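>>> Fold the stuff below for me.
(one chain, ligands or ions: 1)
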Amino acid sequence: MTVAVHPKINQKNIEEIIVKLDKKKVYEVNQLNLWYGKDQALKNIDLDFFKNDVTAIIGPSGCGKSTFIKTLNRMVEMVQGVKTSGSIIYQGRDIFDTKFHVEELRTKVGMVFQKPNPFPKSIYENIVYGPRIHGIKNNKILDQVVEKSLRGAALWDEVKDRLHENAYSLSGGQQQRLCIARCLAVEPELILMDEPTSALDPKSTLKVEELMEELKQQYSIIIVTHNMQQAARISDKTAFFLNGEVIEYDNTDRIFSNPKDKRTEDYITGRFG
Ligand SMILES: Nc1ncnc2c1ncn2[C@@H]1O[C@H](COP(=O)(O)OP(=O)(O)OP(=O)(O)O)[C@@H](O)[C@H]1O
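Residues are numbered from 1 along each chain as shown. Below you'll find the model as predicted:
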């Protein structure tokens, strides 16, 4: 028996279709628009993010990368005069639905910022802060959370003998991994990272990148980065933003080897940005 196959379907895209069907969507962004007062910063964004993928958001300064990532956990609403339209579905639930409390969303979706921002407390207290808020009081359990989170952030071996020292005594790269550990301590499902290595030296950057490889086994990660090599090294998918729009979204190897849009090509080859 012969099976009729559409001429545009070949072995390669059959494999891609199977992978897509297999992968669970974590976020579905539909026709998202965002305005700061009268200025529109995001325009008609349609993007799907998949479980256990690292997705990189790239684009020139001011194109809306940070605004977009801060919309995913509703942090952008802290800015006065912000208006949005469209929908963002997280694991089947509309994040703008009043029944989906923002605290619950931010527990499921952790965030790591550009500059390491530990609390002015001990390493230990930084990690247990979130779990304590969630009602964990038992010291033995908190000790376990601290060890597990620091191991998860590849920092345990470096700090296990100084857990009660102030977090500010750590190097910048260690502080950033502490912030990742603090994020892991509340057991998120997905981690948003806004240029997490831009304030770090190359050695610490490499450590955080290696850590992301580990983390993606368990978490989905969406990362904003200015660093094209970093996007190419660590991500499965890449979205290229320009002037608040998504110009191209595809598998990272395709974006970097064979972009469809001339503007993507110009950006990744350094012609602007
Ligand atoms: N709090 C704010 N109030 C008003 N406008 C803002 C605010 N934050 C960002 N914008 C504007 O929104 C647009 C997108 O900015 P955004 O910071 O999201 O870009 P970006 O791509 O992350 O830039 P960069 O790479 O420089 O961090 C810019 O025009 C910026 O001026």
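>>> so how far is the ligand from V112?
15 Å (C-beta to the nearest ligand atom, to the nearest Å). No exception for glycine: its C-beta is placed from N, CA and C like everyone else's.
>>> where do the helices sit along the stretch 51-200 of the chain?
Remark: helices assigned in the stretch 51-200 of the chain by DSSP state H, counting those that start in this stretch are 65-72, 102-108, 123-133, 139-152, 156-159, 172-184.
>>> average pLDDT for the shortest one?
To tie it back to what came earlier, the one meant is helix 156-159. For helix 156-159, mean pLDDT is 95.
>>> For the closest residue to V159 other than its chain neighbours, give me its contacts.
Distances taken as C-beta to C-beta, 6 or more residues apart in numbering place I123 nearest to V159, at 5.4 Å, with adjacent residues excluded. Residues near I123 by C-beta atoms under 8 Å, 6 or more residues apart in numbering: 150, 159, 162-167, 170, 178.
>>> Could you do V146 as well?
124, 127-128, 163, 185 are the contacts of V146 under C-beta under 8 Å, 6+ apart.
>>> and T84, bridged to which residues?
L34 (DSSP bridges).
>>> neighbouring contacts of stretch 100-120?
Counting by C-beta under 8 Å, 6+ apart, 69, 72-75, 90-91, 93-95, 125-126, 129, 134, 166-168, 170, 172, 175-176, 178-180, 182-184, 186, 188-196, 198-199 sit against stretch 100-120.
>>> from those, which would you call buried?
Buried subset of these (neighbour count, 16 or more other C-beta atoms under 10 Å): 69, 72-75, 90, 95, 125-126, 167, 170, 175-176, 178-180, 182-184, 186, 188, 190-196, 199.
>>> And what about the residue of the stretch 151-273 of the chain found nearest the ligand, helix, strand or coil?
For the stretch 151-273 of the chain and the ligand, the shortest gap (C-beta to the nearest ligand atom) falls at H226, measuring 6.0 Å. Using DSSP: H, G, I helix; E, B strand; the rest coil, the structure places H226 in coil.
>>> That one against S198, yeah?
Yes - counting by C-beta atoms under 8 Å, H226 touches S198, with 6.5 Å between them.
>>> so where do the strands sit in the chain?
25-36, 39-50, 54-58, 82-90, 93-94, 109-112, 190-194, 220-224, 237-242, 245-251 (DSSP state E).
>>> List the buried residues for the second one?
Within strand 39-50, the residues that count as buried by 16+ other C-beta under 10 Å are 41-43, 45, 47-50.
>>> Output it as CSV, nothing but the C-alphas.
Extracted as CSV, the C-alpha positions of strand 39-50 are listed here (Å, rounded to 0.1, in the frame of the first residue of the first chain):
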residue,chain,number,x,y,z
ASP,A,39,4.2,54.0,23.7
GLN,A,40,3.7,50.5,22.4
ALA,A,41,6.6,48.2,23.5
LEU,A,42,5.2,44.8,22.4
LYS,A,43,3.3,44.2,19.2
ASN,A,44,1.1,41.2,18.3
ILE,A,45,3.4,38.6,19.9
ASP,A,46,2.5,35.0,19.2
LEU,A,47,5.0,32.5,20.8
ASP,A,48,4.8,29.0,22.3
PHE,A,49,7.3,27.8,24.8
PHE,A,50,7.9,24.1,25.4
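>>> residues from the stretch 51-200 of the chain in reach of the ligand?
Where the stretch 51-200 of the chain comes near the ligand, counting by C-beta under 6 Å from any ligand atom, the residues are 59, 61-67, 79.
>>> any weak-confidence spans in the chain?
1-22 (pLDDT under 70).
>>> any idea how far the residue nearest to V159 is from L47?
For I123, the distance to L47 (C-beta to C-beta, to the nearest Å) stands at 36 Å.
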